[in-house]
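J.: Quick one: sequence plus predicted model below, questions after.
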Amino acid sequence: MVRGEPMRTRVLIVLLGCAVVASAGVAPSDAQAPAAATAARGSPDLTFVSMPDTFNSDHADVSDAIGWSPESPNSINPAYQAAIDTFFDDVAALSPQAVLVAGDTVEGHWGRDTAGTGIFGPVSTVAERRLAVVRAARQYYGEYRERWRTREIPLYPAMGDHEIGDNPWGPGRGWYAAFKHANLGLFKAQWARFFTDSGRRFGRHPRGTAFDTTTYATMLDDEVLLLSLDVFRKTPRSVVASVGRKQLAWVEGQLKRARRLGLDWVVVQGHTPVVGPVRQELSSGLMYRKGVRSPLWRTLRRYDVDFYLAGEVHANTVSRPRDAPIQVAHGGLFRRGKATVLEARVFGRRMDLRLLRWEGEIVEQPPGQVIWQTDTTRNINWDVVYQAGPHSIGGMSVTRSGRVLSATGVFDDPFPR
């Protein structure tokens, strides 16, 4: 954040993943908005949650898929569905007005069928593989979207690497890496079909760019702007975590507009961390290209972004570089009994964040029963049982001028030490 622009500074949360802030022990805030006064107001102006990387696996009832038979495996069972319902009902009980998901809603290894099940049809030719991607997206994205629709909470997702088949991509890395690279547009189009209505759901998006249907801006309430970024750009030989020049120009235009309007808070979500190092757990550790030297980070810093929230790494790290956005990289692994959610509550000029953790118990399945994935090396061979109710693993309270009033747990645990 640029200091010295007294009351005109804005808080910008860039969401590449997810983070949660707690309202514990808040000291006096800005002179114009002491914590006692805002607390006395009761309900927050806005509550939202952010939960990237929850599954990193495919979960849906595929028994109505074109090639399924009673002898076929499935991507869900009653015990796993009960665990999902417990977790999602608990998140809904936080009463958020928005659910942000900075990527990796699925496993996404689509267009292949390593066990030869034929559930999404044959995958012998490129055309058949492309059609299998479309069919898998219909099942898994449709189910994910429906979980929030039935709970009547608006969903605001961003693109993750698993939405485009998971890394690596490109020729020379095997047939599947080459297929994902050649069909990047197909993978992105399926995601956009379910989550942005192919770009039509949101009025503000970078028209005329390759990110037209996968990047967007929208108001969560009168004072909170969400910028949701697709940070995955195709190169001749791979896919890199970096926004293109045209998308960056659009981002800068949105930030200029936010400054002109004097908005209190701006939330930007993407997927990969920018500031390193960060903790990792069962992750390939993708990072944003060029990190803090990247044009994106310089732009966020120039326009007084306060929070940069990242997923990808399935672990929790808060980075607080001087005169720059606070980066919160976080996430969990539902299938491993670690479900993590960021809760953010806005009280005028103050935002309270809380990182919540649900602890699950791994239960072995009977032999031969699995939660099926199109790449069977990713099959889940166990159930997970969650008891209702999370616990906090850290919190933070911040004013609109960027002053950190309190930080506990994960939010006050620098890495590396």
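T.: Perfect, I can see it now. Numbers count the residues shown, from 1 in each chain.
J.: phi, psi of residue 408?
T.: The phi and psi torsions at residue 408 (degrees, to the nearest 10) take the values phi -130, psi 160.
J.: Quick check: end-to-end length of stretch 176-193?
T.: Criterion Cα to Cα, to the nearest Å; first-to-last residue distance in stretch 176-193 is 23 Å.
J.: Correction: the previous question concerned stretch 309-322.
T.: Between the start and the finish of stretch 309-322 there is a gap of 16 Å, counting by Cα to Cα.
J.: burial of the closest residue to residue 415 other than its chain neighbours, as a residue count?
T.: Excluding its sequence neighbours, the residue lying closest to residue 415 (Cβ to Cβ, 6 or more residues apart in numbering) is residue 317, at 4.9 Å. In this view, the C-beta of every residue, glycine as well, is placed from N, C-alpha and C. For residue 317, the tally of surrounding residues (other Cβ atoms under 10 Å) stands at 23.
J.: which residues does residue 317 form a beta bridge with?
T.: Each beta-bridge partner of residue 317 is listed here: residue 329, as defined by DSSP bridges.
J.: now do residue 351
T.: As assigned using DSSP bridges, the partners bridged with residue 351 are residue 398.
J.: my read: it touches residue 398, true?
T.: Yes: counting by Cβ atoms under 8 Å, residue 351 touches residue 398, with 5.4 Å between them.
J.: Show residues contacting stretch 174-183.
T.: With Cβ atoms under 8 Å, 6 or more residues apart in numbering as the contact definition, stretch 174-183 has outside contacts at 109, 111-112, 126, 129-130, 133, 164-166, 168-172, 187, 234, 238-239.
J.: Surely the residue nearest to residue 415 and residue 281 touch.
T.: No: at 11.0 Å, residue 317 does not count as touching residue 281 under the criterion of Cβ under 8 Å.
J.: Which among the contacts of stretch 174-183 count as buried?
T.: Restricting these to buried positions leaves 109, 111-112, 129-130, 133, 164-166, 168-170, 187, 234, 238-239, with burial counted as 16 or more other Cβ atoms under 10 Å.
J.: Filter those down to just the ones in helices.
T.: Secondary-structure check on the buried ones among the contacts of stretch 174-183 using DSSP state H: residues within helices are 129, 130, 133, 187.
J.: where's the third one relative to residue 176, distance?
T.: The spacing between residue 133 and residue 176, counted by Cβ to Cβ, to the nearest Å, is 12 Å.
J.: And for residue 292?
T.: In this structure, residue 292 and residue 176 are 33 Å apart, going by Cβ to Cβ.
J.: just the helices in the stretch 51-200 of the chain please.
T.: In the stretch 51-200 of the chain, the segments counted as helices under DSSP state H, counting those that start in this stretch are 78-92, 126-149, 175-182, 184-195.
J.: can you list those helices in TSV and add distance to residue 61?
T.: Shown next, in TSV, are these (distance: least, Cβ to Cβ, whole Å):
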stretch	distance to residue 61
helix 78-92	8
helix 126-149	7
helix 175-182	26
helix 184-195	17
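J.: Let me know the pLDDT of residue 40.
T.: At residue 40 the predicted local distance difference test score is 44.
J.: my bad, residue 332
T.: The model's pLDDT for residue 332 equals 88.
J.: thinking again about what came up before, residue 397 versus the residue nearest to residue 415, what's the distance?
T.: Plainly put, residue 317 is 19 Å away from residue 397 if you go by Cβ to Cβ.
J.: Over to residue 343?
T.: Counting by Cβ to Cβ, the gap between residue 343 and residue 397 amounts to 13 Å.
J.: which residue is nearest the centroid of the chain?
T.: Averaging the C-alpha coordinates of the chain gives a centre point, and the residue nearest to it by Cα atoms, centre = their mean is residue 102 (1.6 Å).
J.: surely it meets residue 308?
T.: No: counting by Cβ under 8 Å, residue 102 does not reach residue 308; the two are 10.6 Å apart.
J.: returning to what we had before: JSON lines for the helices of the stretch 51-200 of the chain, including mean pLDDT and distance to residue 371?
T.: Output for the helices of the stretch 51-200 of the chain, formatted as JSON lines (pLDDT from 0 to 100; distance: least, Cβ to Cβ, whole Å):
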{"stretch": "helix 78-92", "mean pLDDT": "96", "distance to residue 371": "6"}
{"stretch": "helix 126-149", "mean pLDDT": "98", "distance to residue 371": "12"}
{"stretch": "helix 175-182", "mean pLDDT": "98", "distance to residue 371": "21"}
{"stretch": "helix 184-195", "mean pLDDT": "98", "distance to residue 371": "21"}
